[in-house]
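Q: Generate a structure from the sequence data that follows.
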Amino acid sequence: MEIEFDVKMTSGDLYDYMLHHTYGSMSGLIGAVAGALMVVAGFSGAGVLCIIAGIVILLYLPVTLFLKSKQQFLANPAFKQPLHYKLTEEGIEVSQGEEVQSQKWEDMYKAVSTTKSLVIYTTAVNAAIFPRRDLGEHLPAVIEIISKHMPPKKVKIRF
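A: Numbers count the residues shown, from 1 in each chain. As a prediction, this is how the structure comes out:
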């Protein structure tokens, strides 16, 4: 089985990935919980400053990630043109213009889904992002080939 498709990245795709990556980590979760607890404590009698601090903590990450995704999108020339992906029995090949890179399935770190994308981590922090809108009719086949070639414990994809 071989599947080919093109991906045109947007800053929104990067933002969705960054939100999932950040809030999926321990530090992101701790920050969200701390902010929520401060708001609750503020309403429970700890005072207005506690509420304000909690709201600032809760808003800080999403706002900074939004700005960072915009900045990365504008600064990275690779996002200006579509990326062509080919998923084969051996792995994933990505090309843009004359440049081609490939990675074997066994070297993939993990695969996850967000509401907007499928994300295949090539390392703990680097990933191939497949926006669902670009996958279209290929979505079930892409999920199938990923699930076939990666160990189940590394695949956390929801249809």
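Q: hey, where'd the strands end up in this protein?
A: 3-7, 83-87, 91-96, 99-104, 110-113, 117-121, 127-131, 155-156 (DSSP state E).
Q: Distance from the chain centre to the shortest one, please.
A: Taking Cα atoms, centre = their mean, to the nearest Å, the mean C-alpha location of strand 155-156 is offset from the chain mean by 13 Å.
Q: List the strands paired with that strand, with their directions.
A: Strand 155-156 has these partner strands in its sheet, going by DSSP bridges: strand 110-113 (parallel).
Q: residue ranges of the helices in this structure, please?
A: For the chain, helices defined by DSSP state H occupy the ranges 11-23, 26-41, 48-75, 132-135, 139-149.
Q: Name the surrounding residues that touch the second one.
A: When you say that, I think you mean helix 26-41. Outside of helix 26-41, the residues that reach it under the criterion Cβ atoms under 8 Å, 6 or more residues apart in numbering are 22-23, 46, 50-51, 53-58, 60-61. For every residue, glycine as well, the C-beta is placed using N, CA and C.
Q: Nearest to Gln81 among those?
A: Relative to Gln81, the closest of the contacts of helix 26-41 is Thr22; by Cβ to Cβ it sits at 27.1 Å.
Q: can you count the residues close to the closest one?
A: In terms of burial, Thr22 registers 18 neighbours under the definition other Cβ atoms under 10 Å.
Q: nearest to Thr114, of the helices of the chain?
A: Proximity to Thr114 (Cβ to Cβ) singles out helix 11-23 among the helices of the chain, at 4.6 Å.
Q: mind checking how far the residue nearest the centre of the chain is from Ala46?
A: The centroid of the chain falls nearest to Tyr17 when counting by Cα atoms, centre = their mean (2.4 Å). In this structure, Tyr17 and Ala46 are separated by 35 Å, where distance is defined by Cβ to Cβ, to the nearest Å.
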